[in-house]
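Q: Show me how the following folds:
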Amino acid sequence: MGMAVELKAISGAQELYDWFGYWPGFHDSTVLSFEANLTGSSRLRVHASEMTKQVDERGFFLHTKNIVVEFILEEIFKLDLEGFNGQDVIFGLSVEKVESGFKLTIDPCIRLGGEIVAGNVAIRLLPSELAVGG
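A: The predicted model follows:
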């Protein structure tokens, strides 16, 4: 992603960058929901965090900067997703500028993966408490 272009072109992208201090790759993030609408906005919600090098008493890596990232999509041109299963941990998620707007690519880890091409995308940060129960 050409960060300078995308940060200015996507509403809310700078806030996401500022939250983490860098553009996140969404590795081991969880897709909480995807709501596709024929008219109006569609929404993809992803629970993201930063994995630290510290581990808890059970040996699991501790996570900080927990946040729910909502991608608000307008004018979906292409929707190619597969593998929904209820715990959709992804390997990564990227956003890139394309001729028709923006392409979100979801790299699968467990099952969910694919791409969405939309005329416009905006980002909204939501409290991580929304991640509980999807």
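
Q: distance of the residue of the chain positioned farthest from its centre from Ser42?
A: Taking CA atoms, centre = their mean, the residue of the chain most remote from its mean C-alpha position is Glu57, at 29.2 Å. Noted for Glu57: a distance of 41 Å to Ser42, by CB to CB, to the nearest Å. Heads up, the C-betas are built off the backbone N, CA and C, glycines and all.

Q: repeat for Ser128
A: For Ser128, the distance to Ser42 - CB to CB - is 22 Å.

Q: ok, those two, which is more surrounded?
A: Ranked by neighbour count (other CB atoms under 10 Å), Ser128 and Ser42 place Ser42 first, with 20 against 15.

Q: so the more buried one touches Leu73, yeah?
A: Yes: Ser42 lies in contact with Leu73 (CB atoms under 8 Å); the separation is 4.4 Å.

Q: Please enumerate the shared neighbours of these two.
A: Ala118 (CB atoms under 8 Å, 6 or more residues apart in numbering).

Q: Going along the chain, name the strands of this protein.
A: Secondary structure of the chain, counting by DSSP state E: strands at 30-35, 42-55, 61-82, 88-98, 101-108, 113-126.

Q: For Trp23, find the nearest of those.
A: strand 88-98 (8.9 Å; CB to CB).

Q: count of neighbours near Ile116?
A: Applying other CB under 10 Å, I find that Ile116 has 23 neighbouring residues.

Q: who's the residue nearest to it when sequence neighbours are not counted bridged to?
A: With sequence-adjacent residues excluded and distances taken as CB to CB, 6 or more residues apart in numbering, Ile116 is closest to Leu104, at 4.6 Å. The partner list for Leu104 in beta bridges (DSSP bridges) reads Val95, Ile116.
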